[in-house]
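Q: Whatever this is, show me its structure:
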Amino acid sequence: MVAAEPRSPTTAEEVVARLSPELKGDVFVALLRELIRLNGNSCRIPVSTPDGEFVGSFVPAAAEKERYERFLAELSPAARDALTRPLPDTFDPDDCLSDADLDALRSAARSQ
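A: Residues are numbered from 1 along each chain as shown. The predicted model follows:
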C-alpha cells in the first residue's frame with residue numbers, strides 16, 4: 001500500500017493554520033505592509049473577508065498621527081492643554097482622570 005502524499009493547502013486559512021506562531025506574526029506584518037503599500041499610508045483601511053464580511057479597520061501610524069493633530073488643532077487652547085499636559089508621576093491608571101482633570105475638560109468644552 002502506498003502512503004498518500006500530504007495534500008497542499010488550498011485556502012489562505014489552511015496556509016496560515018500550518019504556520020508556526022512566530023511565522024504567523026512575521027506574515028501578518030508583511031501583509032500589513034503590503035496593505036499599506038496598496039492603499040496608502042494616510043487613511044483608514046477597511047478589512048473584509050473574501051465573502052465581504054467586515055472584520056474591522058486598520059489605521060496606519062501616519063494616518064492616526066495626522067488625525068490626532070487635526071483633532072488637537074480643532075480644540076480650544078485650554079482643552080488642548082488639558083489633554084496634552086504630561087501625567088504626574090503619582091498618576092494611578094485606576095483613577096483615570098482626576099476630578100480636577102474632569103473639571104478642566106468640562107470648562108474647556110464650555111469655552112468652545
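Q: average model confidence for stretch 62-75?
A: Computed over stretch 62-75, the mean pLDDT rounds to 88.
Q: May I have it exported as PDB, CA atoms only?
A: Provided in PDB are the C-alpha atoms of stretch 62-75 (Å, rounded to 0.1, in the frame of the first residue of the first chain):
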ATOM      1  CA  ALA A  62       1.000  58.100   9.800                       C
ATOM      2  CA  ALA A  63      -2.800  58.400   9.300                       C
ATOM      3  CA  GLU A  64      -3.500  58.200  13.100                       C
ATOM      4  CA  LYS A  65      -0.900  60.900  13.800                       C
ATOM      5  CA  GLU A  66      -2.500  63.200  11.200                       C
ATOM      6  CA  ARG A  67      -5.900  62.600  12.600                       C
ATOM      7  CA  TYR A  68      -4.700  63.300  16.200                       C
ATOM      8  CA  GLU A  69      -3.000  66.500  15.100                       C
ATOM      9  CA  ARG A  70      -6.200  67.600  13.300                       C
ATOM     10  CA  PHE A  71      -8.200  66.800  16.400                       C
ATOM     11  CA  LEU A  72      -5.900  68.800  18.600                       C
ATOM     12  CA  ALA A  73      -5.900  71.800  16.200                       C
ATOM     13  CA  GLU A  74      -9.700  72.000  16.500                       C
ATOM     14  CA  LEU A  75      -9.700  72.200  20.300                       C
END
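Q: Now find how far off-centre it is within its chain.
A: Here stretch 62-75 is found 15 Å from its chain centre; the criterion is C-alpha atoms, centre = their mean, to the nearest Å.
Q: Check which residues of that stretch are buried.
A: 63, 75 (16 or more other C-beta atoms under 10 Å). In this view, the C-beta of every residue, glycine as well, is placed from N, C-alpha and C.
Q: what does it rub up against?
A: Contacts to stretch 62-75, defined as C-beta atoms under 8 Å, 6 or more residues apart in numbering, come from residues 41-44, 59, 80, 83-84, 108, 112.
Q: So how do I select the buried members of those residues in ChimeraX?
A: Applying 16+ other C-beta under 10 Å to those, the buried members can be selected in ChimeraX as follows:
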select :108
